[in-house]
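>>> sequence? don't have it. structure:
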């Protein structure tokens, strides 16, 4: 049996990926989010607020003696305040770092601790962003959390090489997706984000990818992680992207 753990499973890319995985009878999915929107006999939901680190540290990965494959997809993320430094709500900084960086790091750590000795194939996909690789004004907290997730993934990869572990880890940029996060970005003030008009145009011109399409691209990396030449990768790296 193949087991998948996906954060942010109640909407957007996370939900689309859950529904896609559940089409295969050999897959069992564990979702984690503040609310539940998927009902399925092979779906197990954990109500989890990733901004609450007590909840995150208390999360336990189950023993899976029949596992052929175990996969963790750290998908959940928030953009936080789209404002220049000096104008950001400090609580938003804490929430964004907890959700986008600290919680995924804890979950990766516990995933490896639980399944590191298993004979199952082990894969972690951290959903990153091009924003972690290129500075965008007004997105300073979001950019820095995704950059941190990229580096965390690179270090875990290096540790896996040194330890001669069979763990595979990727930090995957999914492109621009038509989700609630994009709506939040478009509602920003242009004085706080100079690229606002470009993001409004993405929506108006139909340039945002549907979550279902991006989920299929992520699934390709799950099935064939060798498609990624490096730990830091993008859906644009796919041969027909």
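Yes, it's here. Just so you know, these numbers come straight off a predicted model, no measurement behind them.
>>> which SS class is the residue lying farthest from the centre of the chain?
Ranked by distance from the centre of the chain (CA atoms, centre = their mean), the top residue is residue 191, with 28.9 Å. Per DSSP: H, G, I helix; E, B strand; the rest coil, the secondary structure class of residue 191 is coil.
>>> What separation do you get for it and residue 161?
Distance of residue 191 to residue 161, given as CB to CB, to the nearest Å: 46 Å. Placement of C-beta: from N, CA and C, glycine included.
>>> cool, residue 2 as well?
Residue 2 is 25 Å from residue 161, by CB to CB.
>>> So which of the two has more stuff around it?
More crowded of residue 2 and residue 161, by other CB atoms under 10 Å: residue 2, with 18 against 10.
>>> number of nearby residues for the nearest residue in space to the more buried one that is not next to it in sequence?
Excluding its sequence neighbours, the residue lying closest to residue 2 (CB to CB, 6 or more residues apart in numbering) is residue 69, at 4.2 Å. For residue 69, the neighbour count with other CB under 10 Å is 18.
>>> Residue 69 and residue 119 touch, don't they?
No. Look at residue 69 against residue 119 with CB atoms under 8 Å: they stay out of range, at 10.8 Å.
>>> residues near residue 28, how many?
For residue 28, the neighbour count with other CB under 10 Å is 21.
>>> and the residue nearest in space to the middle of the chain, what are its phi and psi?
Centroid-nearest residue in the chain, with CA atoms, centre = their mean: residue 75, separated by 2.2 Å. When read as degrees, to the nearest 10, the backbone of residue 75 gives phi -100, psi -30.
>>> give me every residue that touches it.
Applying CB atoms under 8 Å, 6 or more residues apart in numbering to residue 75 gives the contacts 6, 7, 8, 9, 13, 14, 17, 127.
>>> Repeat the analysis, applying 10 Å as the threshold.
6-9, 12-18, 31-33, 104, 125-127, 172, 174, 215, 218 (CB atoms under 10 Å, 6 or more residues apart in numbering).
>>> where do the helices sit along the chain?
12-21, 53-58, 90-97, 103-115, 140-163, 180-186, 196-204, 211-223 (DSSP state H).
>>> Just say which of the ones you listed is most tucked in.
helix 12-21 (a mean of 24; mean count of other CB atoms under 10 Å).
>>> Now do that helix: which elements does it pack against?
strand 2-7, strand 27-33, strand 43-47, strand 69-74, strand 121-127, helix 180-186, helix 211-223 (3 or more CB pairs under 10 Å, 6 or more residues apart in numbering; DSSP states H and E).
>>> Partner strands of the shortest one, with direction?
In other words, strand 43-47. strand 27-33 (parallel) (DSSP bridges).
>>> Correct me if wrong: residue 144 contacts residue 133.
No. Assessed by CB atoms under 10 Å, residue 144 is found out of contact with residue 133, at 11.6 Å.
>>> coming back round to it: Serialize the helices and strands packed on helix 12-21 to a markdown table and add fields for distance to residue 154 and mean pLDDT.
Formatted as a markdown table, the helices and strands packed on helix 12-21 follow (distance: least, CB to CB, whole Å; pLDDT from 0 to 100):
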| stretch | distance to residue 154 | mean pLDDT |
| --- | --- | --- |
| strand 2-7 | 20 | 98 |
| strand 27-33 | 24 | 98 |
| strand 43-47 | 28 | 97 |
| strand 69-74 | 15 | 98 |
| strand 121-127 | 10 | 98 |
| helix 180-186 | 24 | 92 |
| helix 211-223 | 16 | 96 |
